[in-house]
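Asks: no letters, just coordinates:
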């Protein structure tokens with residue numbers, strides 16, 4: 001961590017953040033968070049597809065995008081895997097959200113259909129790339145490349161699936177990985193092929209602002225280098241599970257205004 005934080009302050013901050021983890025990493029957190037869509041299902045393929053799709057739309061006003069996701073899952077008839085496996089590019093009844101128009105969403109769902117109809121899944125895709133690259137950044141670059149083969153002409157689809165090769169923060173994708181890799185009262189822990197020590201903090205403007213206030217982040221840009229810096233500093237509090245402090249930083253923002 002930054003040298004200006006003395007040992008006593010580090011200890012106090014860790015205790016405070018650990019307390020916020022205990023306070024906010026509870027089942028009550030789920031109802032107001034996009035992870036709620038994962039918890040609606042029991043089948044692992046439904047869970048991972050629900051999480052992936054929910055994470056893609058998790059930007060802007062939280063209440064609005066959760067309402068839009070409820071609308072989309074109604075179109076799925078609350079059977080995301082069945083819908084994707086049998087999707088033929090049909091209309092989504094005009095569904096859109098901000099930068100993503102109906103055709104952009106159709107492009108993304110059609111790309112997922114190609115993955116699943118060949119017997120693969122999001123888990124097999126991520127696992128294959130993680131085993132080849134051995135790190136999260138390399139894996140995410142491969143994931144971007146995979147989807148960009150089919151969405152390259154769709155600007156809105158590119159917003160839904162950002163390009164890791166541009167070294168942006170990849171907040172929504174890192175959030176999805178938190179859901180899939182960590183096991184807790186909130187996170188699902190479906191994927192065991194990635195260690196919890198390897199996943200990265202989902203960095204948005206809220207988390208970045210609080211982290212800078214706490215002297216946990218020095219970098220000014222909210223990019224992938226900032227994600228690495230913050231995650232490494234949080235590893236000083238828990239080297240095996242640094243991303244649990246996502247809950248703490250959320251709680252800190254709520255309680256320490």
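Replies: Sure, I can see it. The structure displayed is predicted, hence computed values, not measured ones.

Asks: so what's the backbone phi/psi at residue 168?
Replies: The phi/psi pair for residue 168 (degrees, to the nearest 10) reads phi -80, psi 170.

Asks: and residue 190, by the same measure?
Replies: phi -80, psi -30.

Asks: what residue ranges in the stretch 101-250 of the chain score low on pLDDT?
Replies: For the stretch 101-250 of the chain, not a single residue meets the criterion pLDDT under 70.

Asks: which residue ranges form the helices in it?
Replies: Secondary structure of the stretch 101-250 of the chain (DSSP state H, counting those that start in this stretch): helices located at 102-117, 122-133, 136-151, 155-160, 171-181, 205-213, 224-235, 245-255.

Asks: just checking, residue 222 touches residue 205?
Replies: Yes. Here residue 222 reaches residue 205: they are 6.5 Å apart, a contact under C-beta atoms under 8 Å. Bear in mind the C-beta positions are built from the backbone N, C-alpha and C, glycine included.

Asks: compare the two (neighbour count), which wins?
Replies: The residue with more neighbours, out of residue 222 and residue 205, is residue 222; 21 against 10, by other C-beta atoms under 10 Å.

Asks: contacting residues for the more buried one?
Replies: Listed by C-beta atoms under 8 Å, 6 or more residues apart in numbering, the contact partners of residue 222 are 169, 203-205, 208.

Asks: turn the residues you listed into TSV, columns for distance to residue 120.
Replies: Listed next are these as TSV, based on distance: C-beta to C-beta, whole Å:
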residue	distance to residue 120
169	27
203	29
204	30
205	35
208	35
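
Asks: of these, which pair is most distant in space?
Replies: Greatest spatial distance in the contacts of residue 222: 169 and 205, 9.6 Å, computed using C-beta to C-beta.

Asks: hmm, who's touching the longest helix along the chain?
Replies: Across the chain, the longest stretch assigned as helix under DSSP state H is helix 7-24. For helix 7-24, contacts defined as C-beta under 8 Å, 6+ apart pick out 1, 5, 214, 236-237, 244-245, 247-252, 255.

Asks: export the residues you listed to a markdown table and tack on distance to residue 192 and neighbour count?
Replies: Output for the contacts of helix 7-24, formatted as a markdown table (distance: C-beta to C-beta, whole Å; neighbours: other C-beta atoms under 10 Å):
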| residue | distance to residue 192 | neighbour count |
| --- | --- | --- |
| 1 | 29 | 19 |
| 5 | 34 | 16 |
| 214 | 31 | 21 |
| 236 | 25 | 13 |
| 237 | 23 | 21 |
| 244 | 17 | 22 |
| 245 | 21 | 28 |
| 247 | 21 | 22 |
| 248 | 24 | 25 |
| 249 | 26 | 27 |
| 250 | 25 | 19 |
| 251 | 27 | 22 |
| 252 | 30 | 21 |
| 255 | 33 | 12 |
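
Asks: tabulate these (TSV), appending distance to residue 124.
Replies: As requested, the contacts of helix 7-24 are arranged in TSV below (distance: C-beta to C-beta, whole Å):
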residue	distance to residue 124
1	37
5	42
214	38
236	34
237	33
244	27
245	30
247	29
248	33
249	32
250	31
251	35
252	37
255	41
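
Asks: residue 32: which of those is nearest?
Replies: Using C-beta to C-beta, residue 250 comes nearest to residue 32 of those, at 10.7 Å.

Asks: setting the sequence-adjacent residues aside, check what's closest to that closest one.
Replies: Using C-beta to C-beta, 6 or more residues apart in numbering and skipping residues adjacent in sequence, the residue nearest residue 250 is residue 24, 6.0 Å away.
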